[in-house]
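A.B. asks: Model the structure of this input:
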Amino acid sequence: MALKGYQIQKVKGNGCEIGLHLGCQLKGRLRAIIDHFLKAVDRAYHLDFDRMKQEASAWLEKLPEEYLVEVESLAYGSGVKLERIAQWLYSERYIAGGCTGFIICLEDAAWVGRNYDHAGPGLWRSVTIIEKEARIPVVLFGQEGALFSLTGYNSRKLWVHCNRLPAWDMPDPDEKAIPSFVFVRMALESCSHIGEIEKLLQAFPRDSGMCLFVVDGKSNTYAVYECTCKGYVKRQGGKPYIAGANHYVATPVPAGFFNGDPSSVNRLNRMESLLAAMKIKNPCRDLIRVLADPEVEQNLGDSGTVYANLACPAKGLYYFACNGFPAASRAAFEEVALI
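C.D. replies: Below is the predicted model:
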């Protein structure tokens, strides 16, 4: 099913069936999708292909079993070697910086906005609906064929997305820490409210840092967490908004630690100044202007804001912009109403 700017993929069943059905939908195409994407990542971030080939498969084996089954089934259904799919997923480790987001409360309703910055403009136009047995149905935004994402929401009106953060407490090589994009999927299909997200953060170490945004549309509660691999700090603030990019704001960092680059600081400062000065009359129009501001969204040629989202879970409003680059200013924000 194709709409103006994005396409929809839907899979359901147990883990094996989910991976298999998605793979069969992409049979004959997934290899080309992966090759195209990895070339785009290499142009933007300079991949170390030899190292990636050596490390990706062992890294994949550390995924939680229920998700490893899905990836293996995706490989079987699509006809793409599991090693290649592992490299596709593992390439996320090479991405530095990018992404800016906010949560703002307007008339007792929390709105969340996010710019997702990555390589490969034009390769992030898919909405994937996953209805897994004994799990909460989820909607994920991102690449075609992807089982995981850093952005999504579930049928319980819970929104979750994260930005990349550096971290100093990296897990041991033999520790089964999960990637942030797997954590987002896990949170969406197992959590109904913010308290359960916090329990998940306590239970599962991650293999990278993340700035985690959560909005519960049922209660209009929200939170932003600055997460290292093994800990987290819940951001507090007395303002009607909270924003984050790719550096720590509330978390004490070790002396000499590289806490993000100047771009992150500049984007966050600009976003906060816009939110502080704005007199919002039309939330969709006015908040999109924040995301589309040239000092907030990114355009680095081979990388930048490849998609953007605006959502108000309490009102059941979810918008996705992906059919232009940079997406926040050049793409249409289309409503997504699927579960």
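A.B. asks: For the host helix or strand of Y90, which outside residues touch it?
C.D. replies: Using DSSP states H and E, Y90 sits within helix 82-90. For helix 82-90, the external contacting residues (C-beta atoms under 8 Å, 6 or more residues apart in numbering) are 30-31, 34, 37-38, 52-53, 55-57, 59-60, 71-72, 74-75, 148, 179. Every residue, glycine included, has its C-beta placed from N, CA and C.
A.B. asks: at 7 Å instead, please
C.D. replies: 34, 37-38, 52-53, 55-57, 59-60, 71-72, 74-75 (C-beta atoms under 7 Å, 6 or more residues apart in numbering).
A.B. asks: Please apply the same query to stretch 189-204.
C.D. replies: Contacts for stretch 189-204 (C-beta under 7 Å, 6+ apart): 132, 135-136, 138, 154, 156, 158, 178, 183, 186-187, 214, 216, 221, 223, 225, 227, 232.
A.B. asks: okay but V139 is in contact with G152, surely?
C.D. replies: Yes - here V139 reaches G152: they are 5.6 Å apart, a contact under C-beta atoms under 7 Å.
A.B. asks: Comparing those two, which residue is more hemmed in?
C.D. replies: Using other C-beta atoms under 10 Å as the criterion, V139 and G152 rank with G152 on top: 27 against 24.
A.B. asks: For burial, what's the neighbour tally of M170?
C.D. replies: For M170, the neighbour count with other C-beta under 10 Å is 16.
A.B. asks: Okay, and the beta partners of C312?
C.D. replies: L317 (DSSP bridges).
A.B. asks: Neighbours of Y318, how many?
C.D. replies: Counted with other C-beta under 10 Å, residues neighbouring Y318 total 23.
A.B. asks: What segments of the stretch 151-300 of the chain are helices?
C.D. replies: For the stretch 151-300 of the chain, applying DSSP state H, counting those that start in this stretch gives helices covering 180-190, 194-203, 262-277, 283-292.
A.B. asks: got the ones you listed as TSV, with distance to Q87 and mean pLDDT columns?
C.D. replies: Shown next, in TSV, are the helices of the stretch 151-300 of the chain (distance: least, C-beta to C-beta, whole Å; pLDDT from 0 to 100):
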stretch	distance to Q87	mean pLDDT
helix 180-190	15	98
helix 194-203	27	98
helix 262-277	27	97
helix 283-292	31	97
